[in-house]
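Asker: got a predicted model here, sequence first, then my questions.
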There are 2 protein chains.
Amino acid sequence: METSSAIEGLAALAHESRLQAFRLLVRAAPNGIPAGEIASQLDVPPPTLSFHLAHLVRAGLIDSQREGRSVRYALRVDGIRELVGFLTEDCCQGRPELCAPEGALAQDCEGCDA
Amino acid sequence: METSSAIEGLAALAHESRLQAFRLLVRAAPNGIPAGEIASQLDVPPPTLSFHLAHLVRAGLIDSQREGRSVRYALRVDGIRELVGFLTEDCCQGRPELCAPEGALAQDCEGCDA
DNA sequence: TTGATATTTCTAGAATCATGGAAACATCAT
DNA sequence: ATGATGTTTCCATGATTCTAGAAATATCAA
């Protein structure tokens, strides 16, 4: 992953509303959620939300698809995978032990359905 | 990890010079590097670099220690671990398969000494 | 076509962040 | 003390990002 893409992705998540929207879409994967519903759940005016969703799309973390008169946004799985991969590889440069979580990632996730 | 701390951390890394400095410090861990040397390696004026390093410190990703007349910055290992942990746990909410890299993290790192 | 609903684009103002010179501060040597 | 070196704080300027109302666009229903 290019470092400029990584910076895009980090910046995209480094904002309260965008992080919240992203979280909603993670939980709603792979179906996604229409823009309006996201806006009302986050209590953000539509133009503001649209601005933030566009930011996440630009960063490759989500994508959108028109569906009747609404637009459904959904997680783009590879986006976050690549971003996490960038961070861990970056950390690994010569020193794997420095920033990898103790256990394997998949194992950490076993109890996450709460 | 608090989401506000995560946002701090993401924002801290979402900048070219800061990400570069962070990378240097990852490689130089656990020894660290004096501020002046980081500045010259990145070709950034000292006041600007100082501003960025302070940002990374605030985010808990690095820390500093005076050493004679220079100040040595070093990776704070838990910082990046927590940040990566936040991202992966966030992704895992109910859907572990969505954003965990295929293999275990530690295994991904085996060939990273290049 | 007209109207209702969903979303985005336009726009301007506000807020935040980045930059780097000058000055201040800290440390050490003489 | 004085001076040299390394770093930070101060400050002003410029650049970017955020916000949300108003207007524009898209889709469907009657």
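Answerer: Ah, there it is. Numbers count the residues shown, from 1 in each chain, chains lettered A, B, ... in the order given.

Asker: so where's chain A shaky on pLDDT?
Answerer: Scanning chain A for pLDDT under 70 picks out A:91-92, A:94-114.

Asker: which stretches of it form strands?
Answerer: With DSSP state E as the criterion, chain A has strands at A:33-34, A:62-67, A:70-75.

Asker: let me know which of the ones you listed is the nearest to chain B.
Answerer: strand A:70-75 (6.8 Å; CB to the nearest CB). (C-beta placed from N, C-alpha, C; glycine too.)

Asker: what number of residues lie near the nearest residue to A:Ile7 once chain neighbours are set aside?
Answerer: Leaving aside its sequence neighbours, A:Ile7 sits nearest to B:Ala14 (CB to CB, 6 or more residues apart in numbering or on different chains; 5.3 Å). Each residue near B:Ala14 was counted by other CB atoms under 10 Å in any protein chain shown, and the total is 19.

Asker: wait, B:Ala14 sits on A:Ala11?
Answerer: Yes. Look at B:Ala14 against A:Ala11 with CB atoms under 8 Å: they come within range, at 3.8 Å.

Asker: identify the contacts common to these two.
Answerer: With contacts defined as CB atoms under 8 Å, 6 or more residues apart in numbering or on different chains, no residue is adjacent to both B:Ala14 and A:Ala11.

Asker: could you measure from the residue of chain A found nearest DNA strand C over to chain B?
Answerer: Residue nearest to DNA strand C within chain A (CB to the nearest atom of the strand): A:Gly36, separated by 1.9 Å. Distance of A:Gly36 to chain B, computed by CB to the nearest CB, to the nearest Å: 22 Å.

Asker: coming back round to it: identify the residues contacting the residue nearest to A:Ile7.
Answerer: A:Ile7, A:Leu10, A:Ala11, A:Ala14.

Asker: what subset of the residues you listed is buried?
Answerer: A:Ile7, A:Leu10, A:Ala11, A:Ala14 (16 or more other CB atoms under 10 Å in any protein chain shown).

Asker: could I get these as CSV with distance to B:Gly85?
Answerer: Formatted as CSV, the buried ones among the contacts of B:Ala14 follow (distance: CB to CB, whole Å):
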residue, distance to B:Gly85
A:Ile7, 21
A:Leu10, 16
A:Ala11, 20
A:Ala14, 17
